[in-house]
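Q: Following is a predicted model, sequence given first.
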Amino acid sequence: DVKVTQSSRYLVKRTGEKVFLECVQDMDHENMFWYRQDPGLGLRLIYFSYDVKMKEKGDIPEGYSVSREKKERFSLILESASTNQTSMYLCASSPSSGGFGEKLFFGSGTQLSVL
Amino acid sequence: AQSVTQPDIHITVSEGASLELRCNYSYGATPYLFWYVQSPGQGLQLLLKYFSGDTLVQGIKGFEAEFKRSQSSFNLRKPSVHWSDAAEYFCAVRRSGTSYGKLTFGQGTILTVHP
């Protein structure tokens, strides 16, 4: 069974802390994504990566960075956490091509609370 | 910039009733269109997608959606709702020429099903 695994389901951090959210996929997908989900706003793309060490900003990259050292792992980094980064974070992966087979595979999410 | 609008934040239906969830997009050309569902405590799952061809597409769990170019809409329908359909539903679009999986999501519609 294909899987996207996020290391933590719930996380509580303090303002100013450096926070790492980890995501691992076992499908050998080229593309990986970090979305943020907030009530009434839907999902918004923070960053995505289309290959190892390659990344591209999404719609709301401010305050975040990412790292992809290995194909299966994509990390989201909050350099200095702030209360407005309290949110549900969703990791996803997809193949880079395949015609009509396009599909995002999502992890279960990490609910981050910044106090 | 492209956008996706789901006008209904919350819909309540009785079990066995029909369902229609609305989705409108703003984009000059025909985008790639998707519906995802998020059941409580779970990651998002693809219901169906439209790329081209027949404007009525069938998905999993008995759902279908119809693309109407003249109305810039991609509404999701189900003829008879089951209690297990209670979830949050997201419409999403991808512009042609952008990377696989780089989606813009709507705000989401929460579906409540009464017995």
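A: That came through fine. Numbers count the residues shown, from 1 in each chain, chains lettered A, B, ... in the order given.

Q: what residues does chain A put near chain B?
A: Residues of chain A lying close to chain B (CB under 8 Å from any CB of the partner chain) are A:4, A:31, A:33, A:35, A:40-45, A:48, A:50, A:56, A:58-59, A:90, A:92-98, A:100, A:102-104, A:106-109. Bear in mind the C-beta positions are built from the backbone N, C-alpha and C, glycine included.

Q: tell me how far stretch B:19-34 is from the chain's mean position?
A: 8 Å (CA atoms, centre = their mean, to the nearest Å).

Q: Could you do stretch A:85-94 as well?
A: Taking mean C-alpha positions (CA atoms, centre = their mean), stretch A:85-94 and its chain are 4 Å apart.

Q: again with stretch A:31-46
A: Its chain's C-alpha centre and that of stretch A:31-46 lie 8 Å apart, by CA atoms, centre = their mean.

Q: what bridges to B:S14?
A: Taking DSSP bridges as the rule, B:S14 bridges to B:H114.

Q: contacting residues around it?
A: B:V81, B:V113, B:H114, B:P115 (CB atoms under 8 Å, 6 or more residues apart in numbering or on different chains).

Q: Can you say which two of these are spatially most distant?
A: B:V81 and B:P115 (11.1 Å; CB to CB).

Q: and for the two, which residues touch both?
A: By the contact definition CB under 8 Å, 6+ apart, B:V81 and B:P115 are jointly contacted by B:S14, B:E15.

Q: Of these two, which one has the most company?
A: Remark: of B:V81 and B:P115, B:V81 carries more neighbours, 20 against 6, as counted by other CB atoms under 10 Å in any protein chain shown.

Q: OK, contacts around that one?
A: Per CB under 8 Å, 6+ apart, neighbours of B:V81: B:V13, B:S14, B:E15, B:G16, B:A17, B:S18, B:L19, B:L111, B:V113.

Q: State the three-state secondary structure for it.
A: At B:V81 the chain is in coil, as set by DSSP: H, G, I helix; E, B strand; the rest coil.

Q: With that, I have no additional questions.
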